[in-house]
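Trainee: dropping the sequence and predicted coords here.
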Amino acid sequence: MKKSFIAALLFISGIMARAFEVPSAVRGSQELLESGHWVYDSLAKISLEQGRIDFSDSSPLSISEIRSLLMEADYDSLSDTGKKEFDRVLSYTREKNIAFNASVFSLTFEPEVNIEGYYKANDDLDYVYDRYERRDFVKVPFAVQGGDWFTMKMDLAFRQNKGVMAHDDNYVNIPLEAGAVDVNFPDNGYFSTGYSFTDDAGVNFRLGTGTQSVGRSLTGSVIMSEYLTGTSWANLELYSRDFRYNMNVTQFNVDKYMYTHRLEARFFKKISFMAQESVLVYAPMELRFLNPLTIYHGMSPWRDYQPKEDDSETNVCAYLALKLNVVPVKYLRLYGMFAMTQYQTPYELENWPTDCTPNGLGFQGGAEVYVPCRDGYFHAWLEGYWADPYMYVKEDPNWSMVRTYAENIGDMAVFYEWVGSPFGPDTIAGELNAGYEVPDRWSVTGSYLFMARGEYSGTNIFTEALDWGGVDTACDPKEWVYPDPYNKKYGEEEARAIAKKQQSLTCPSGTPEYVNRMSLRGTLCASSAVKFTVQGAFTFIFNHDNNEGDFEYGPEFAFVTSIKLKEFLFK
């Protein structure tokens, strides 16, 4: 009787699915694809197969711009695998979502369920499958679309808060008690509008909250990465296949804004170069920084905020970034990214011997290969990273390149996130990643990461040197890590000697922590609706937490089942 009941239920469900058509709407042209979306990988596969570079290495991008980049491909010259990948991306841009339609407006939904389990053997080690990778238990992206003119979207979710995710004894992603629920959602939401002048040129304006990235990287861009979460931003972008301009205002915290101009050009379809100037100001938003074509450094804004005796650059952090991509041959991309918060020239060091300002330089470079093979792609990626001990760090945490926030439920955990790489300052790192993927079927990827981390790496300067909540706090110079030749805690000569020693620190500073991490990940797509992911990792660390002789090691495992509910309705 039980089997008969189930068979009857399935039969009735099939009849109802055919009798009642589920209302739907196609994705709007102004919808944005968040950082880390699989479409960016697909565009990289297609462009590298044709021996060219494109502008798909920054995000978020609109569906309209994604189509423009996709349509540059010469479809007939692609391999059979490349053609399938092209069709896959094009199909996504035309994909239907569950919708309520009213005239030119559509309210769309994309419900999904993710069930995760994880375990690590050593509580002294951080999770490899951490809060940045973990998925919401129930996620329902909700959008209001006005045809191809605009999209408003946010991610409704039922999930754990980040404080609970960090617990060593947390083994599933399901909120099991009231204090574990994230009540601060959504982390991602925006209004996006734009216009396409031609098939390959247009404009987009967006106002929202969420992640942004500049530069395609393996470990998180040194310039701006998806590991900076929860910022609010306004973004104006002019784009074509050979030129892109971006003006961006990003809010880190209350009265903490980063203003950015970004210019990027492509030459011979094989080389792209980007230059970015930014200024982070700890003050209310000002119109002078919203001029779309200006030079921030020429404004000398550091003179405008009542400089302290020991700080000639009060409330301001200047930021310069450069990015270069080269595709010398088919399937291969070489790249380099440079970012700088401070550089003391030899002239300054020679003529101002009492100045103790340290350099803040960071570099990232690597090589990426995508090669079509049988029904899929072989992928290999090697990347290196280096950052000064004072990269992103300024005279005060309030105008350092960091965002901080706290949960308002549960254990009230506080988090710090740098504008760029999650490795932060004072780190030398390298990662090798290789694998094979048959899109929409299965994949396997292995990686090895090595890091030499100084005492200022990661977010150590906050968790160990200063308990800072990031809201209207004036930092006590005695407690901050930045060189201070006027530190009243010491005599004048001693304070200057200490500051000079700090200024000369090299990476990795102090007692280096040596991190070795190996991981293996496999995915299996049971259908278009259901995907399984399994990941194992092993980490061993010498001089753990920068303590000489402290050795820690341990394995970790994670298992994920992802279910896209709308696929049951449209397939």
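Mentor: Received it, and whenever you're ready, just let me know what you need. Worth saying up front: this structure is predicted, and the values here are computed from it rather than measured. Numbering: from 1, shown residues only.
Trainee: now the strands for the stretch 201-350 of the chain?
Mentor: Assigned by DSSP state E, counting those that start in this stretch, the stretch 201-350 of the chain shows strands spanning 201-210, 213-214, 231-240, 243-253, 256-267, 271-281, 316-326, 332-342.
Trainee: let's have the ones you listed in TSV, adding mean neighbour count, mean pLDDT and distance to residue 174.
Mentor: Using the backbone N, CA and C atoms, a C-beta is placed for each residue, glycine as well. Formatted as TSV, these follow (neighbours: other C-beta atoms under 10 Å; pLDDT from 0 to 100; distance: least, C-beta to C-beta, whole Å):
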stretch	mean neighbour count	mean pLDDT	distance to residue 174
strand 201-210	19	96	24
strand 213-214	24	96	29
strand 231-240	19	96	28
strand 243-253	19	96	31
strand 256-267	20	96	35
strand 271-281	20	96	38
strand 316-326	21	96	40
strand 332-342	20	97	38
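Trainee: save those strands as JSON lines, and put in distance to residue 505 too.
Mentor: Formatted as JSON lines, the strands of the stretch 201-350 of the chain follow (distance: least, C-beta to C-beta, whole Å):
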{"stretch": "strand 201-210", "distance to residue 505": "35"}
{"stretch": "strand 213-214", "distance to residue 505": "27"}
{"stretch": "strand 231-240", "distance to residue 505": "29"}
{"stretch": "strand 243-253", "distance to residue 505": "25"}
{"stretch": "strand 256-267", "distance to residue 505": "25"}
{"stretch": "strand 271-281", "distance to residue 505": "23"}
{"stretch": "strand 316-326", "distance to residue 505": "19"}
{"stretch": "strand 332-342", "distance to residue 505": "13"}
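Trainee: mind checking these for the one nearest to residue 427?
Mentor: Residue 427 lies closest, by C-beta to C-beta, to one member of the strands of the stretch 201-350 of the chain: strand 332-342, at 13.4 Å.
Trainee: tell me which other helices or strands the closest one touches.
Mentor: Judged by 3 or more C-beta pairs under 8 Å, 6 or more residues apart in numbering; DSSP states H and E, the packing partners of strand 332-342 are helix 38-49, strand 316-326, strand 360-373.
Trainee: export those as a markdown table, with columns for distance to residue 277.
Mentor: Formatted as a markdown table, these follow (distance: least, C-beta to C-beta, whole Å):
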| stretch | distance to residue 277 |
| --- | --- |
| helix 38-49 | 25 |
| strand 316-326 | 6 |
| strand 360-373 | 15 |
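Trainee: which among the ones you listed is found nearest to residue 489?
Mentor: Nearest of these to residue 489, taken as C-beta to C-beta: strand 360-373 at 23.8 Å.
Trainee: sorry, back to before: right, and the helices and strands packed on strand 332-342 - which one's nearest residue 170?
Mentor: For residue 170, the closest of these is helix 38-49, at 26.8 Å, according to C-beta to C-beta.
Trainee: gap between that closest one and the chain center?
Mentor: Distance of helix 38-49 from the chain centroid (C-alpha atoms, centre = their mean, to the nearest Å) equals 18 Å.
Trainee: and for the helix or strand just after that helix, what's in contact with it?
Mentor: Once the chain leaves helix 38-49, the next helix or strand it forms, by DSSP states H and E, is strand 58-59. Residues from elsewhere that reach strand 58-59 (C-beta atoms under 8 Å, 6 or more residues apart in numbering): 33-37, 40, 211-216, 226, 246.
Trainee: what are the phi and psi values for residue 215?
Mentor: Backbone torsions for residue 215, taken as degrees, to the nearest 10, come to phi 100, psi 130.
Trainee: that one reaches residue 333, doesn't it?
Mentor: No: applying C-beta atoms under 8 Å, one finds residue 215 not in contact with residue 333, separated by 11.6 Å.
Trainee: hmm, back to that, nearest to residue 550 among the strands of the stretch 201-350 of the chain would be which one?
Mentor: Minimum separation from residue 550 across the strands of the stretch 201-350 of the chain (C-beta to C-beta) falls at strand 332-342, 30.9 Å.
Trainee: which strands border the closest one, and is each parallel or antiparallel?
Mentor: strand 316-326 (antiparallel), strand 360-373 (antiparallel) (DSSP bridges).
Trainee: would you turn the ones you listed into a markdown table with distance to residue 298?
Mentor: Putting those into a markdown table (distance: least, C-beta to C-beta, whole Å) gives the following:
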| stretch | distance to residue 298 |
| --- | --- |
| strand 316-326 | 11 |
| strand 360-373 | 21 |
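Trainee: for residue 406, find the nearest of those strands.
Mentor: The nearest among these, by C-beta to C-beta, is strand 316-326 at 22.4 Å.
Trainee: tell me what angle the closest one forms with strand 271-281.
Mentor: 170 degrees (axes from the mean of the first three to the mean of the last three C-alpha atoms, to 10 degrees).
Trainee: and the angle for strand 316-326 with strand 256-267?
Mentor: Strand 316-326 and strand 256-267 are oriented at 20 degrees to each other (the same axes, to 10 degrees).
Trainee: run the chain-centre distance for strand 316-326.
Mentor: The answer for strand 316-326 is 16 Å, by C-alpha atoms, centre = their mean.
Trainee: go on, stretch 379-388?
Mentor: The chain centre lies 15 Å from the centre of stretch 379-388; the measure is C-alpha atoms, centre = their mean.
Trainee: can you pull the pLDDT of the closest residue to residue 52 other than its chain neighbours?
Mentor: In this structure, residue 52 finds its nearest non-sequential neighbour in residue 269, 4.2 Å apart by C-beta to C-beta, 6 or more residues apart in numbering. On the pLDDT scale, residue 269 is placed at 95.
Trainee: what is the neighbour count of residue 269?
Mentor: Number of residues near residue 269 (other C-beta atoms under 10 Å) recorded here: 16.
Trainee: element containing residue 88, please.
Mentor: Assigned by DSSP H and E, residue 88 falls within helix 80-93.
Trainee: please spell out which residues along that helix are buried.
Mentor: By neighbour count on 16 or more other C-beta atoms under 10 Å, the buried set for helix 80-93 is 81-86, 89, 92-93.
Trainee: distance between that helix and the chain's centre?
Mentor: So, by C-alpha atoms, centre = their mean, the centroid of helix 80-93 is 25 Å from its chain's centroid.
Trainee: over to stretch 152-169?
Mentor: Distance of stretch 152-169 from its chain centroid, counting by C-alpha atoms, centre = their mean, is 16 Å.
Trainee: for the nearest residue to residue 334 once chain neighbours are set aside, what are its contacts?
Mentor: Closest residue to residue 334 apart from its sequence neighbours, by C-beta to C-beta, 6+ apart: residue 326 at 4.7 Å. Applying C-beta under 8 Å, 6+ apart to residue 326 gives the contacts 53, 270-271, 333-335.
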